[in-house]
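Colleague: Return a 3D structure for these sequence lines:
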Amino acid sequence: KRSISCLLFGGSRKRLPDGTRIRGDINVLMLGDPSTAKSQFLKFVEQTAPISVYTSGKGSSAAGLTASVIRDASSGEFYLEGGAMVLADGGVVCIDEFDKMSDDARNALHEAMEQQTVSLAKAGIICTLNARTSVLASANPAGSRYNPAQSVVENLKLPSTLLSRFDLIFLILDKPDLAADRQLARHLVSLHNPVEEQTISPSGDIISLDMLRAYILYAQSKCKPVITDDAAEALVNYYVDMRRMGTTAAGNKVITSTPRQLESLVRLSEALAKMKLSSTVEVSDVDEAARLVKVALQQSATDPRTGTIDMDLIQTGVSSSLRQMRHKLEQDISETLSKASGRSLSSSNLLQELKETLQSSAPSINELWEVLQQMSDSGRLNIRGDQLALA
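Modeller: This next block holds a predicted model:
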């Protein structure tokens, strides 16, 4: 909820002297089990944000999200019609069922989410439209239920290039909890009980939706917080500490943070300062922003094989530990095939010899065939039926 609040207020857009623009909008992805109120978050943000567009992934096309060229029936001339990302310029786009979007629609979001523009070259019309929007998306895992033994990329089946454009990725899981289940059940029953609804009076601390919308609009237009020297030093220290976490006990280097996480820290810190209508970003804002980023990373970027944070999962879709395991397995396969009589083996005999050699660290049949396919694609292995031989 705090992250979505930061998304509503947003960071500060900056234009450098050389003309480069740095986006201030925050993108958040919610991945979770069914019936965990993800769509309710999106509906509330649509009602609260001063400028907002709600769309569903299943009913969205690439042209509907970005822009389309339409021929006028009477004059026969072509004209542009903006899509959701263009219409919500300066606001929020809420995308439900993000996992069910077509590949073309997802590819159209790459430029819009990072460069915040939509480039078009159709029917003799060549232009670039602004799409300075925040994206709040919700998605269900590929198997309907989230599998903790798999990474976020494996659960979601989305391209890692798109996932890396989200500042924060949160897992919303349906875990049995007696106290929480009872509280939720009572709340849901009270919604259907008109007698109890009359007895509930709103607290004086709760502000109206119109007041909240006006407050957000005022903070966005009037408040441009500046980062203080202490806050800047805290940002640098947090980023360096997060990078240092990547050195494992074995001395292996794992990417736990990238410059995109540093930019996310800056945007979240500015959004937290805007909530207080502060003219400066303080160290306390940086502390809270770092906490939100760390919580999101621990949920979404944790390698299930090692239990450590590995940004390679989000950036490339393959963790550092898995990449090292595959490289080691390639060496073992090459060594085993070079020693074989006739320099060829069947896949079953190869797996048996690897099990005898590697014992507890022997690969499964699926892992073996993934590596064999990689070696074959790179031209280092010949696969003829069930027979395997080095090229």
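
Colleague: low-scoring stretches of the protein, by residue?
Modeller: Where the chain drops to pLDDT under 70, the residues are 194-204, 245-256, 299-321, 341-343, 359-361.

Colleague: what's the single longest helix in it?
Modeller: For the chain, the longest helix by residue count, based on DSSP state H, is helix 320-339.

Colleague: In terms of secondary structure, what does that helix contact?
Modeller: In terms of contacts (3 or more CB pairs under 8 Å, 6 or more residues apart in numbering; DSSP states H and E), helix 320-339 is packed against strand 344-346, helix 347-358, helix 365-377, strand 387-390. C-betas here are computed from N, CA, C, even on glycine.

Colleague: buried set for the third one?
Modeller: It refers to helix 365-377. By neighbour count on 16 or more other CB atoms under 10 Å, the buried set for helix 365-377 is 368, 371-372, 375.

Colleague: could you point out which element follows the host helix or strand of A121?
Modeller: Counting by DSSP states H and E, the element that carries A121 is strand 117-122. For strand 117-122, the succeeding helix or strand toward the C-terminus, using DSSP H and E, is strand 125-130.

Colleague: mind exporting whatever helix or strand comes next after that next one as CSV, just the C-alpha atoms?
Modeller: Proceeding N to C from strand 125-130, the next assigned helix or strand is strand 134-139, under DSSP H and E. The C-alpha trace of strand 134-139 is given here as CSV (Å, rounded to 0.1, in the frame of the first residue of the first chain):
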residue,chain,number,x,y,z
SER,A,134,3.1,5.3,-14.1
VAL,A,135,2.1,1.7,-14.7
LEU,A,136,0.3,-0.4,-12.0
ALA,A,137,-0.1,-3.9,-13.2
SER,A,138,-1.4,-7.1,-11.7
ALA,A,139,-0.8,-10.7,-12.9
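
Colleague: ok, back up a step: now do the longest helix of the chain against helix 365-377, angle only.
Modeller: If you take axes from the mean of the first three to the mean of the last three CA atoms, to 10 degrees, helix 320-339 sits at 70 degrees to helix 365-377.

Colleague: Now do helix 320-339: distance to the chain's middle.
Modeller: Its chain's average C-alpha position is 31 Å from that of helix 320-339, according to CA atoms, centre = their mean, to the nearest Å.

Colleague: Please apply the same query to stretch 290-299.
Modeller: Its chain's C-alpha centre and that of stretch 290-299 lie 12 Å apart, by CA atoms, centre = their mean.

Colleague: Buried ones in it, by neighbour count?
Modeller: For stretch 290-299, the buried set under the neighbour-count rule, 16+ other CB under 10 Å, comprises 290, 292-294, 296-297, 299.

Colleague: Among those residues, pick out the one closest to A137, please.
Modeller: Proximity of these to A137 (CB to CB) peaks at A296, which lies at 13.9 Å.

Colleague: What segments of the stretch 51-200 of the chain are helices?
Modeller: Assigned by DSSP state H, counting those that start in this stretch, the helices in the stretch 51-200 of the chain fall at 62-65, 84-87, 103-114, 152-156, 160-163, 178-191, 194-199.

Colleague: So which of those helices is nearest M325?
Modeller: Using CB to CB, the helices of the stretch 51-200 of the chain put helix 152-156 closest to M325, at 15.1 Å.

Colleague: helices or strands next to the strand holding A121 in the packing?
Modeller: Helices and strands touching strand 117-122, by 3+ CB pairs under 8 Å, 6+ apart, are strand 67-71, helix 103-114, strand 125-130.

Colleague: Need these in CSV (columns: distance to L329 and mean neighbour count).
Modeller: Formatted as CSV, those follow (distance: least, CB to CB, whole Å; neighbours: other CB atoms under 10 Å):
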stretch, distance to L329, mean neighbour count
strand 67-71, 47, 16
helix 103-114, 31, 18
strand 125-130, 46, 13
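
Colleague: Go through those and name the closest to D205.
Modeller: Smallest distance to D205 across these (CB to CB): 35.5 Å, for helix 103-114.

Colleague: Need the CA coordinates for that closest one. CSV is fine.
Modeller: The C-alpha trace of helix 103-114 is given here as CSV (Å, rounded to 0.1, in the frame of the first residue of the first chain):
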residue,chain,number,x,y,z
ASP,A,103,3.1,-10.7,-27.2
ASP,A,104,2.6,-7.7,-29.5
ALA,A,105,0.9,-5.7,-26.8
ARG,A,106,3.7,-6.5,-24.3
ASN,A,107,6.4,-5.5,-26.8
ALA,A,108,4.7,-2.2,-27.3
LEU,A,109,5.1,-1.4,-23.6
HIS,A,110,9.0,-1.6,-23.7
GLU,A,111,9.5,1.9,-25.1
ALA,A,112,6.6,3.5,-23.3
MET,A,113,7.7,2.3,-19.8
GLU,A,114,11.3,3.3,-20.0
